[in-house]
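J.: predicted model follows, preceded by the sequence.
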Amino acid sequence: MKRLTTILIALFISLSFLSAQSIVPRPESMTPRKGTFRLAGAAVKCDPAMDAASIDAVKRFSARVSLLSGKSASVSTPIGLGQAVSQGSAKGLIFLCDNSLQKEEYILDISSSMALVKAASLNGFLYALQTLKQLLPASVYGTKAGSGEKFNLPCCLIEDKPRFEYRGMHLDCSRHFWSVREIKRYLDVMAMFKLNRFHWHLTDDQGWRLEINSYPLLTQKGAYREGTMIGKDFSSNDGIRYGGSYSQQEVREVVQYAASLGIEVIPEIDLPGHMLAALSAYPYLGCSGGPYQAWTKWGVSPQVLCVGKESTFEFLEAVLSEVCELFPGEYIHIGGDECPKEEWEKCPDCQARIAALGLSDKNGYSAEQYLQNYVTARIQTFLASKGKKIIGWDEILEGELAPGATVMSWRGTAGAKQAAAKGFDVIMTPNSHFYFDYCQSRDSASEPLCIGGYVGLETVYSFDPFEGIAPEAQGRIKGVQANLWTEYISEESHLEYMLLPRMLALSEIQWCAPQNLDYARFLSDLESHEEKVLETAGYNYRKK
Ligand code: ACM
Ligand code: ZN
């Protein structure tokens with residue numbers, strides 16, 4: 001009887017804990033305990049072995065809790081902290097380095113006298129802090145200072161780490177331009193749900209957004225288009241000059257801000273197609289020599305870089321050298337998608353390059369497709385000389401692809417299956433599940449403007465990254481990403497509506513072990529998150 005009572009009490013505590021504490025993405029394991037830890041006013045202590053960025057993250061968190069609660073707390077780095085913890089004499093909110101943990105793993109061990117956080121790296125500490133925030137009352141996401149809130153944490157043990165190392169979210173800043181402030185808000189919400197890669201689509205036919213010192217006209221001219229089509233009417237033009245770009249100083253600011261949130265920024269310079277805005281600035285880079293104008297409508301321009309001329313490679317190497325200086329991460333995305341080949345078929349320089357390389361139609365691919373392979377390989381070699389790896393859309397697989405490239409599978413998962421089988425690293429981003437410009441309802445007329453198709457919340461959640469991937473190739477699937485193309489999105493509130501709450505479903509596919517994925521449980525967690533996190537932090541999102 002006593003045992004049954006104990007089991008029932010444990011079950012009750014666990015059920016009330018689980019219903020009160022919904023954490024997205026769901027941690028790998030959570031064990032509830034009795035009691036609470038009062039955070040407001042508690043001493044905050046960091047292991048002196050922690051790196052400066054991790055200590056800064058703790059200080060930011062602590063300053064926020066102090067400001068909101070009105071109870072100040074100092075952050076100290078006392079010698080012998082680890083020993084005090086193992087002897088049971090430590091009290092307060094304590095952060096310890098634990099190098100036995102994986103890079104992004106963390107442990108939260110909360111009792112009524114001590115909330116202990118263990119991690120091995122900045123990202124581990126950041127994710128522990130995000131989980132702590134989700135365990136606190138909603139006001140931790142707000143701005144009301146001096147509220148007297150106690151900020152009680154429920155006692156529990158959480159052991160957590162991600163399923164995939166690459167957890168990405170993309171943003172198209174060419175079709176519509178997003179300010180640094182808007183990008184920081186986007187990064188903030190990514191960080192709340194433990195995403196760690198921001199894929200920044202900086203160039204396209206409709207506008208070049210990245211300042212390049214050696215080619216200043218790219219932004220002075222190529223960042224502007226003479227109007228924009230209205231709604232979905234391809235024959236229309238609103239007649240309003242549209243544009244914008246990021247200075248290199250602003251780019252550094254975004255990269256640094258993202259890094260403080262544990263997010264690596266992956267810039268995309270889409271080549272050799274999607275280059276009309278660049279051609280408008282430097283017409284000699286095209287096959288016909290122009291003149292060209294940045295596109296005012298959506299869709300793909302037939303005008304592409306002329307890859308028969310060496311001057312095009314001088315241009316690309318100069319641009320990418322500046323890109324490598326600006327972005328310290330391991331990857332540069334070189335696009336490679338939707339490159340029409342008609343100009344190359346007609347161009348004497350491109351045809352001369354094909355002849356010199358001895359390329360011909362074979363194995364179902366045209367000589368011009370092999371010419372694109374040549375461009376990809378040449379750029380890959382150049383970037384490798386600067387210590388960078390390339391990512392490309394799945395078109396880069398057509399023909400021949402040199403080892404070491406990472407393939408982003410967007411046209412469904414066929415590219416992923418082929419790439420993984422051939423030994424390439426893969427990022428899953430199929431349009432069937434992760435194109436957040438697609439509509440969130442089957443009745444698109446009832447939705448704000450969306451490109452078409454249907455990617456509902458349950459569509460996102462239903463994705464299995466290993467489906468159809470042979471067991472021996474599954475290790476090649478490095479992660480999952482969603483893409484937000486902005487042809488039909490020009491306002492921040494609309495952008496957030498398309499992002500949220502689908503990004504929360506994405507975060508579970510990226511983070512959670514398969515046994516922890518459960519759509520019904522996720523929907524119930526989401527309900528409290530919408531109210532608590534998104535509403536309080538002021539994000540717009542799609543309500544049911
Ligand atoms: C793409 O959607 N063109 C990658
Ligand atoms: Zn050409």
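T.: Right, received. Where do you want to start? Ligands and ions are numbered 1, 2, ... in the order given.
J.: find the nearest non-adjacent residue to the residue of the chain found nearest ligand 1, please.
T.: In the chain, the residue that lies nearest ligand 1 is residue 337 (4.0 Å; CB to the nearest ligand atom). Heads up, the C-betas are built off the backbone N, CA and C, glycines and all. Nearest non-adjacent residue to residue 337, counting by CB to CB, 6 or more residues apart in numbering: residue 393, 3.7 Å away.
J.: residues in contact with residue 35?
T.: 111, 112, 154, 155 (CB atoms under 8 Å, 6 or more residues apart in numbering).
J.: repeat that for residue 76.
T.: 43, 44, 45, 46.
J.: surely the first one meets residue 90?
T.: No - using CB atoms under 8 Å, residue 43 is not in contact with residue 90; the gap is 9.6 Å.
J.: comparing the two, which shows the higher neighbour count?
T.: The residue with more neighbours, out of residue 43 and residue 90, is residue 90; 20 against 15, by other CB atoms under 10 Å.
J.: so who does the more buried one touch?
T.: 45, 81, 84, 114, 116.
J.: show me the residues you listed that map onto strands.
T.: 45, 114, 116 (DSSP state E).
J.: quick one: buried ones out of those?
T.: The neighbour count (16 or more other CB atoms under 10 Å) marks 45, 114, 116 as buried among these.
J.: as CSV, the residues you listed with distance to residue 96 and pLDDT would be great.
T.: As requested, those are exported to CSV (distance: CB to CB, whole Å; pLDDT from 0 to 100):
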residue, distance to residue 96, pLDDT
45, 9, 98
114, 11, 97
116, 7, 98
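J.: and ligand 2, which of the residues you listed contact it?
T.: Filtering these for neighbours of ligand 2 using CB under 5 Å from the ion leaves an empty set.
J.: and the residue nearest to residue 367 when sequence neighbours are not counted, how many neighbours?
T.: Closest residue to residue 367 apart from its sequence neighbours, by CB to CB, 6+ apart: residue 359 at 4.4 Å. Residues near residue 359, counting by other CB under 10 Å, number 20.
J.: surely residue 359 touches residue 370?
T.: Yes - counting by CB under 8 Å, residue 359 does reach residue 370; the two are 4.4 Å apart.
J.: ranges for the helices of the stretch 251-400 of the chain?
T.: Counting by DSSP state H, counting those that start in this stretch, the stretch 251-400 of the chain has helices at residues 276-281, 310-326, 342-346, 348-357, 367-385.
J.: report whether the first one contacts ligand 2.
T.: To tie it back to what came earlier, the one meant is helix 276-281. No - Helix 276-281 stays clear of ligand 2 (CB under 5 Å from the ion), getting no nearer than 11.5 Å.
J.: by contact count, what packs against that helix?
T.: strand 203-204, strand 207-208, helix 217-220 (3 or more CB pairs under 8 Å, 6 or more residues apart in numbering; DSSP states H and E).
J.: switch the cut-off to 6 Å
T.: Other elements packing on helix 276-281 under the criterion 3 or more CB pairs under 6 Å, 6 or more residues apart in numbering; DSSP states H and E are strand 207-208, helix 217-220.
J.: can I get these in JSON lines with mean neighbour count and mean pLDDT?
T.: Below are the helices and strands packed on helix 276-281 laid out as JSON lines (neighbours: other CB atoms under 10 Å; pLDDT from 0 to 100):
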{"stretch": "strand 207-208", "mean neighbour count": "29", "mean pLDDT": "98"}
{"stretch": "helix 217-220", "mean neighbour count": "18", "mean pLDDT": "98"}
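J.: closest to residue 388 among the contacts of residue 76?
T.: residue 46 (33.4 Å; CB to CB).
J.: what sits opposite that closest one in the beta ladder?
T.: Taking DSSP bridges as the rule, residue 46 bridges to residue 95.
J.: what pLDDT does the model give it?
T.: Residue 46 carries a pLDDT value of 98.
J.: cool, and residue 7?
T.: pLDDT, read off for residue 7, is 47.
J.: ok, residue 356 - how many residues close by?
T.: 9.
J.: for the helices of the stretch 251-400 of the chain, which one sits closest to residue 241?
T.: Per CB to CB, nearest to residue 241 of these: helix 276-281, 13.0 Å.
J.: which parts of the closest one are buried?
T.: In helix 276-281, counting by 16+ other CB under 10 Å, buried: 276, 277, 278, 279, 280, 281.
J.: could you list the residues in contact with that helix?
T.: 205, 207-208, 217-218, 221-222, 285-286, 292-295, 301, 303 (CB atoms under 6 Å, 6 or more residues apart in numbering).
J.: repeat for stretch 340-349
T.: 287, 302, 304, 306, 308, 309, 350, 368.
J.: now restrict the contacts of helix 276-281 to buried residues only.
T.: Buried among the contacts of helix 276-281 by 16+ other CB under 10 Å: 205, 207-208, 218, 221-222, 285-286, 292-295, 301, 303.
J.: please, where are all the strands along the stretch 1-150 of the chain?
T.: 29-38, 44-46, 75-76, 92-97, 106-110, 114-119 (DSSP state E, counting those that start in this stretch).
J.: name the helices or strands packed onto the fourth one?
T.: I take that to be strand 92-97. strand 44-46, strand 114-119.
J.: around ligand 1, which positions in the stretch 251-400 of the chain sit nearby?
T.: 337, 338, 393 (CB under 6 Å from any ligand atom).
J.: buried stuff in stretch 109-117?
T.: 109, 110, 111, 114, 115, 116, 117.
J.: dump the residues you listed to JSON lines, plus distance to residue 186.
T.: Listed next are the buried residues of stretch 109-117 as JSON lines, based on distance: CB to CB, whole Å:
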{"residue": "109", "distance to residue 186": "32"}
{"residue": "110", "distance to residue 186": "31"}
{"residue": "111", "distance to residue 186": "36"}
{"residue": "114", "distance to residue 186": "35"}
{"residue": "115", "distance to residue 186": "30"}
{"residue": "116", "distance to residue 186": "32"}
{"residue": "117", "distance to residue 186": "26"}
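J.: filter the contacts of stretch 340-349 down to the ones near ligand 2?
T.: Checking the contacts of stretch 340-349 against ligand 2 (CB under 5 Å from the ion), the matches are 287, 306, 308, 350.
J.: OK, contacts around the last one?
T.: If you count contacts by CB under 6 Å, 6+ apart, residue 350 has them with 308, 344.
J.: how about the strands in the stretch 401-544 of the chain?
T.: Under DSSP E, counting those that start in this stretch, the stretch 401-544 of the chain gives strands at 406-409, 425-428, 477-482.
J.: hang on, the earlier thing: most tightly packed of the helices of the stretch 251-400 of the chain?
T.: helix 276-281 (a mean of 27; mean count of other CB atoms under 10 Å).
J.: quick check: mean pLDDT across it?
T.: 98.
J.: okay, that helix in PDB with CA atoms only?
T.: Taking Å, rounded to 0.1, in the frame of the first residue of the first chain, the C-alpha atoms of helix 276-281 are listed here in PDB:
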ATOM      1  CA  LEU A 276      20.700  39.500 -62.700                       C
ATOM      2  CA  ALA A 277      21.100  42.200 -60.000                       C
ATOM      3  CA  ALA A 278      24.900  41.800 -60.200                       C
ATOM      4  CA  LEU A 279      24.800  41.900 -64.000                       C
ATOM      5  CA  SER A 280      22.800  45.200 -63.800                       C
ATOM      6  CA  ALA A 281      25.800  46.600 -62.000                       C
END
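J.: okay, how far is it across stretch 94-110, tip to tip?
T.: 10 Å (CA to CA, to the nearest Å).
J.: could I get the buried residue list for it?
T.: So, applying 16+ other CB under 10 Å, buried residues of stretch 94-110: 94, 95, 96, 97, 101, 104, 105, 106, 107, 108, 109, 110.
J.: of the residues you listed, closest to residue 543?
T.: Distances from residue 543 to the buried residues of stretch 94-110, taken by CB to CB, are shortest for residue 108, at 30.7 Å.
J.: spell out the secondary structure type for the closest residue to the closest one other than its chain neighbours.
T.: Computed as CB to CB, 6+ apart, the closest residue to residue 108 that is not its neighbour in sequence is residue 158, at 4.2 Å. Following DSSP: H, G, I helix; E, B strand; the rest coil, residue 158 is assigned to strand.
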